[in-house]
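Asks: quick one, what's the 3D model for this:
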Amino acid sequence: MSTIDIDDDPYIWLEDVESEESLTFAKESNEQCLAHLGDPKTSSTGTYQKVLDVLESDDRIAYVTKYGTTDDDGDAILFNVWKDSKNPKGLWRKTVMSSYKTENPEWSTVLDIDALAERDGISWVWKGSTALSRRLDPMSNGGKRITRTLLSLSRGGADATYVKEFDLVSETFVDEHDDGFTLPEAKTRASYKSRDVLFVGTDFGDSNSLTDSGYPRVIKEWVRGTKLQDATTVFEGEKTDVSVSTYISDQRLRDGPIYEVRSRSMTFYTTKRWVRRVQYEHLLAPNDPLREGISDDEPEDFIEIDIQEDASASFFGKWMMISLRSDWEPVPAAGSTGNTSNNKVYKSGSLLYVDAETFLLKGKEACDYKVLFEPTDRTANDGYAFTKNYLILSTMDNVKSKLDFYKLTDNGCEYVGGNKEAQIISCDASAIDPTENDQIWLYTSGYTQPSTLSLGDASRVEKKKVVVEETGEEEGNNNNAKKESYFVEDLKSLPEMYNAAGLVVDQKFATSKDGTKIPYFMVSKKDIVLDGNNPTLLYGYGGFEISLGPKYIATVGVSWLERGGVYVEANIRGGGEFGPAWHQAGLKSKRHKCYEDFIAVGEDLVESQVCTPATLAARGGSNGGLLMGMMYVSRPDLFGAIHCAVPLLDMRRFHTLLAGASWMAEFGDPDSSDWDDFLHKYSPYHLIDNNNNPSYPPMLVTTSTRDDRVHPGHARKMVKKLWDLGGNNRPVYYYENIEGGHGGAADAKQSAFMTALAYDFMWDTLCRGIKKSE
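Replies: You can find the predicted model right below:
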């Protein structure tokens, strides 16, 4: 039974993020935490330094983005953000492909973020770059290079950012006095419509600029040289929406039109979209002389994309791609127009495509739909990417990765090849420059396999297919990306960052309460002794259709696996491992399924004698922090230690705190009957038992003051309530990083500190459990 009346919360004062009382609570809690657990920086375990060495290692792969080509020899210009011990906030730097391929590329610094932070007296954290498309920029030297971009910088790692225009020719910020675009701190969405026009959604200084979730409700067109307050409103959503956005999809490179797209996200999973075709001149500022002489002064009217609200759409040449999150029958049988494909019910999780012009101008009833992917019970669409002429489809088969390649043709997307078998690795592909060619970046890694960045080419798949058809000869497939037809050459490889000798990765299955088989991956010693004395860390998330799967996490390696621990990731419902249905099985009133799944994996580990409850730790953050809160209040007997990071915990008030309103599609609406019907059943803050149950495991709760996504009040209130209940049998430790945003840390040193604090806490606690079990 809850010890707090939902309408009379005595701890609500801790929701005032930066009040003197709240910050005093945080600082005193931090001191108490380190007094009990020790300072990771001075700990004899050395975990802090090991993690820091990983995060700041010069051997890390410098991942890059292409920003055009050089004027003289056409070499690709590549940009990278690099952080190390000398530059904790980072250097934004550039090189060229010919140099990047060498062991020691020659880099030149474009922006020193540490120097900028020192100059401005602000702890800047890099949040990304939104470039002006070369095809929309008359100053790009014939489309060769990107000349302007919008840089996003946040204070201390928050989601809210400052936006500043940057000139990539002079390599300086474009000053406001020179008509540069600059936007104050907000959860802004801004992109170029053309060189001198921005689409902007931000806090315009009035109560109606933002949605209840704190994201843009209004989109304006801001013309260079004018004031932001004079910008023209072009699109609006509702106050209760999550957000709105507008963008340009330029398909001229694939013989398609330019589309202007507007979208209104009513919930986290439902969106309405409108689109119109435009000429390049329509994108220009009203006073731009290039607008003179265009055939139509005004572009076409917007047309609503008539698909289900929970589906998504994108454009690929003349085709429109449609991703389904529920079954869809475009035309009921009674409304058939005679087409062979439009009477079918298309399965949730499918990827379809259709002629865009036919769909938009004649309606969905007139279309022939083509199926690129249809899921089974154990396969899922994991996303797709476009090169100039190919679509690369990433799928998961029983949480194993697979890539397939399709060529764009006048008749559709023709399958040309891909991986024969799914693999227990992460294998992703993205276009290097879809405006020019079909080259791709290939990213591979596994739990014990260090990350590799390779160069690939989608067109090689088709060429190999022709050779096979003509000769009948084909190389064997040994699940090595280097042997795949699309592989060109390795570019960068991460060395082993921890000792993985003798470790094996196994996929296992637990049976949940309702009989559903729940997969999980376990990394352990090959000769593991099944006596229950293995310190085991179980990680989970289970929400927002986010999938967990094989990837190289060196910090887990040095903090846990090298010590002899067992690491486990649970693919529980609520995630996206098996597509939309797997996610929807854990929504709202079905949320208990996520928790039952996680418990089932924990019980399976205990029953198989990998560990005992005393040697089993659980860890999760954000939505995974809610999962940890539920484990603490519902199954304290199953775990020996819990790390609950940047969590949601108060499900009665989550929708009133920061971005919380946007998550009601996931959890439910506390102001409706949802609270009494089911929400109160998974609100850990209200489920705390005051009987001082001796089986409660030690718990470390961590968050960040600067987290403007999940409010730090969730963690603060939970901890304060637990402390006020008292009792030595309920050890709870709390650490609040003053910076860091939702990631919990603003730089490598902070990240190493928070990581070492958590892993040392869990390891030390479980080791005491081993002694008790002996």
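
Asks: please tell me how far the nearest residue to Thr161 once chain neighbours are set aside sits from Asp59.
Replies: Nearest in space to Thr161, with sequence neighbours left out and distances taken as CB to CB, 6 or more residues apart in numbering, is Ser152 at 4.1 Å. C-betas here are computed from N, CA, C, even on glycine. Between Ser152 and Asp59 the distance is 28 Å, computed by CB to CB, to the nearest Å.

Asks: so between the two, which is more surrounded?
Replies: Under the neighbour definition other CB atoms under 10 Å, Ser152 and Asp59 were set side by side, and Ser152 has more, 19 against 13.

Asks: the more buried one in helix, strand or coil?
Replies: Here Ser152 is strand, with the state taken from DSSP: H, G, I helix; E, B strand; the rest coil.

Asks: circling back to that earlier point, quick one: pLDDT of the residue nearest to Thr161?
Replies: On the pLDDT scale, Ser152 is placed at 98.

Asks: list the contacts of it.
Replies: Trp126, Lys127, Gly128, Ser129, Thr130, Thr161, Tyr162, Val163, Thr188 (CB atoms under 8 Å, 6 or more residues apart in numbering).

Asks: how much space between the residue nearest to the fourth one when sequence neighbours are not counted and Ser263?
Replies: To tie it back to what came earlier, the one meant is Ser129. Among residues not flanking Ser129 along the chain, Thr149 sits closest, at 4.8 Å (CB to CB, 6+ apart). Noted for Thr149: a distance of 23 Å to Ser263, by CB to CB.

Asks: report the beta-bridge partners for the residue nearest to Thr161.
Replies: Listed beta-bridge partners, Ser152: Gly128, Val163 (assigned using DSSP bridges).

Asks: re the thing from before, derive a PyMOL selection command for the buried subset of the contacts of Ser152.
Replies: In PyMOL, selecting the buried portion of the contacts of Ser152, with burial taken from 16 or more other CB atoms under 10 Å, looks like this:
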select buried, resi 126+127+129+130+161+162+163+188
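
Asks: picking up where we left off before, report the secondary structure state of the residue nearest to Ser129.
Replies: strand.

Asks: and the longest helix seen in the chain, average pLDDT?
Replies: With secondary structure taken from DSSP state H, the chain has its longest helix at helix 748-773. Mean pLDDT, helix 748-773: 90.

Asks: do stretch 603-610 as well
Replies: In this model, stretch 603-610 has a mean pLDDT of 98.

Asks: now swap in stretch 568-577 and tell me
Replies: The average of the pLDDT scores along stretch 568-577 is 98.

Asks: could I get that stretch in CSV with only the CA atoms?
Replies: Provided in CSV are the C-alpha atoms of stretch 568-577 (Å, rounded to 0.1, in the frame of the first residue of the first chain):
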residue,chain,number,x,y,z
VAL,A,568,23.5,-10.7,-19.3
GLU,A,569,21.2,-8.6,-21.5
ALA,A,570,17.5,-9.5,-21.4
ASN,A,571,15.4,-8.9,-24.6
ILE,A,572,12.1,-8.4,-22.7
ARG,A,573,8.8,-7.2,-24.2
GLY,A,574,8.4,-3.5,-24.6
GLY,A,575,11.5,-3.4,-26.8
GLY,A,576,11.7,-3.8,-30.6
GLU,A,577,13.6,-7.1,-30.9
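
Asks: could you look up the SS state of the residue positioned nearest the centre of the chain?
Replies: Nearest residue to the geometric centre of the chain (CA atoms, centre = their mean): Ile546, 7.9 Å. Put simply, Ile546 is coil when judged by three-state DSSP.

Asks: that one and Gly575 touch, don't they?
Replies: Yes: counting by CB atoms under 8 Å, Gly575 is a contact partner of Ile546 at 5.7 Å.

Asks: residues contacting stretch 497-514, please?
Replies: By CB under 8 Å, 6+ apart, stretch 497-514 touches 54, 57, 59, 398-399, 424, 446-448, 450, 517-527, 550, 552, 554, 557-558, 561-562, 570, 573, 593, 596-597, 599-601, 603-604.
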